[in-house]
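Q: Any chance you can model this:
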Amino acid sequence: MPDKKEKLILKYLCKVCTGKKTYLISPSDIAKQVCKKYVLSVSEIDEIMASLALQNYLEYVISDSKNGYFYCVKLKKKGQTYLHDAKKQKKALYMLIVRSIFLATVSFVFGLILKAIFKT
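A: This is a model prediction of the structure:
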């Protein structure tokens with residue numbers, strides 16, 4: 001399971017790489033997008049990309065150019081479905097909370113009814 005920084009980068013890559021086989025992106029572009037919540041160095045981004053590759057979310061190759069280096073990113077099946085799976089997990093969590101509240105309310109009311117019946 002990815003941590004907070006990995007999730008943020010993976011969400012950005014999922015949004016950017018939609019509909020494309022591979023996408024060329026620089027670490028500075030990733031840092032600009034993530035800078036709203038975290039300040040990441042290029043070495044941290046390298047580590048996160050390696051971690052995401054090990055977790056089977058994406059494949060990437062580092063390519064050098066005159067302006068620095070870029071990642072050539074290809075999302076694997078697990079990476080392509082990440083946003084959908086995250087929504088699904090969030091929905092399941094909300095349903096679990098609603099169900100728990102409903103069952104607690106029902107058992108409270110049932111307890112009040114039983115107390116009223118056996119009190120007299």
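
Q: Any idea how far apart the tips of stretch 66-85 sit?
A: Its first and final residues considered, stretch 66-85 spans 38 Å by C-alpha to C-alpha, to the nearest Å.

Q: what's the spacing between it and its chain's center?
A: Mean-position distance between stretch 66-85 and its chain equals 13 Å (C-alpha atoms, centre = their mean, to the nearest Å).

Q: Show me the helices in this structure, by range?
A: 4-16, 27-34, 42-54, 77-80, 82-119 (DSSP state H).

Q: Could you tell me the end-to-end distance of stretch 31-42?
A: 8 Å.

Q: Give the buried residues for that stretch.
A: Going by neighbour count (16 or more other C-beta atoms under 10 Å), the buried part of stretch 31-42 is 31, 33-34, 40. To be clear about C-beta, it is placed using only N, CA and C from the backbone, and glycine gets the same treatment.

Q: where does this structure dip in pLDDT?
A: Residues of the chain meeting the criterion pLDDT under 70: 1, 120.

Q: make it 50
A: Scanning the chain for pLDDT under 50 picks out no residues.

Q: follow-up on the earlier one: just flag the most distant two among the buried residues of stretch 31-42.
A: Gln33 and Leu40 (10.0 Å; C-beta to C-beta).

Q: for Lys21, phi and psi?
A: Note on Lys21: its backbone torsions stand at phi -70, psi -50 [degrees, to the nearest 10].

Q: Not including adjacent chain positions, what is the nearest residue to it?
A: Nearest residue to Lys21, sequence neighbours excluded (C-beta to C-beta, 6 or more residues apart in numbering): Lys74, at 6.4 Å.
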